[in-house]
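In: After the sequence you'll find the predicted model.
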Amino acid sequence: MLFKRSPARRRALSKPDSAALAPAASAAVETATSTAIAPTAAAYPTRSTRSSTPARRVVPAKRTGPKRLLGLLTVIVIPGFLAATSIPAFAIGTPPSFGEAELLSAAGHVDPADLQAVSVSAAAEIAVERQAFTAETHAQLMSRKAASLRASARAGAYGVVGPRQAGDDYPFRGQYGLTSLRYVGSQCTDFVAWRINRDKGVTAAPWRYTWANMTPGGGSASQWARAWANNGWKTSNTPVVGAVAWFSGNHVAYVKSVSGGSVFLEEYNWNGSASYHTRTIPSSSVSLFLYPPP
């Protein structure tokens, strides 16, 4: 059976088929750019390759270098920036110390360079000189005072014979050992012995009356009345100026004056005071008056 070609068919056959030329053009392009697109073709296979080779997912390689470097810089830079901006804030509010405030107020403004440039010279050796000091003992002090009083007595301060005006003229005050009168210092007996010698005009050794010739039987005040009797010296219940007021309670005093039925006494160690004392008492309260020795 024969078919007759139509005019439209003939025109179609006379023109090149673009669909037929497409594979040839694609082949030429692939030939020219085979080198440039080889990696792409390898990474992305053609349709024919996909049909013959099983599909495989290609995972791009990780860019570890730049990202790691960026993370390291972030860790270092940010804390350093925070530290650099916060530390001065603490330093700004810190008050001066170790004498800095006094230095700044005295000098006005001091350049830190000047402070750093200060040089300290070697300290000179200081020679320490030690001296030995000795303290005067209490006995030595009292002895020196007594010597001064005796010197005053020898100079005539107590040179008047007879009863004197009331006052502590005892030269051994504060001395508690045996004095040159051979009685215990700062006691009633030694004071009265001093007054008896003073009234006789003797104010320094050698004394006229001491324990040895006045009360040789003992130095206690309780023994004075017996000693007066043994010496044959006068005693009475009537007071006279310059007499010894003797008390049976182991005490003696010096009669400074007499007024009616009273006597004015001077004494040492009244009530254990070991010091000078005066009082006025009735004559009847005295056990016995020992008149001054001849």
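Out: Structure received.
In: Can you give me the end-to-end span of stretch 235-244?
Out: One end of stretch 235-244 to the other measures 9 Å (CA to CA, to the nearest Å).
In: Could you check how sure the model is about that stretch, as an average pLDDT?
Out: Averaging pLDDT along stretch 235-244 yields 96.
In: cool, stretch 207-217 as well?
Out: Mean predicted confidence for stretch 207-217 is 93.
In: swap in stretch 82-89?
Out: pLDDT averaged over stretch 82-89 gives 60.
In: One more: stretch 257-270?
Out: pLDDT averaged over stretch 257-270 gives 94.
In: could you say which helix or strand contains A253?
Out: strand 251-259 (DSSP states H and E).
In: How about residues contacting that strand?
Out: With CB atoms under 8 Å, 6 or more residues apart in numbering as the test, strand 251-259 has contacts from 163, 166, 188-189, 191-192, 195, 221, 224, 239-247, 263-267, 270, 278, 280, 283, 289-290. Where C-beta positions appear, they are placed from N, C-alpha and C, glycine not excepted.
In: Walk me through which strands that strand pairs with, and which way each runs.
Out: Under the criterion DSSP bridges, strand 251-259 sits next to strand 244-247 (antiparallel), strand 262-268 (antiparallel) in its sheet.
In: Just the C-alpha atoms of it, please, in CSV.
Out: Presented in CSV, the C-alpha positions along strand 251-259 are these (Å, rounded to 0.1, in the frame of the first residue of the first chain):
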residue,chain,number,x,y,z
HIS,A,251,55.7,53.6,174.6
VAL,A,252,57.6,56.8,175.4
ALA,A,253,57.1,60.4,174.3
TYR,A,254,58.8,63.8,174.8
VAL,A,255,57.0,66.4,176.9
LYS,A,256,57.1,69.6,174.9
SER,A,257,54.9,71.8,177.1
VAL,A,258,52.6,71.6,180.1
SER,A,259,49.3,73.5,180.5
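In: Buried residues, stretch 267-279. List them.
Out: Buried residues in stretch 267-279, counted by 16 or more other CB atoms under 10 Å: E267, Y268, N269, W270, A274, Y276, H277.
In: should've said stretch 198-207
Out: Buried residues in stretch 198-207, defined by neighbour count with 16+ other CB under 10 Å: R198, D199, K200, V202, T203, W207.
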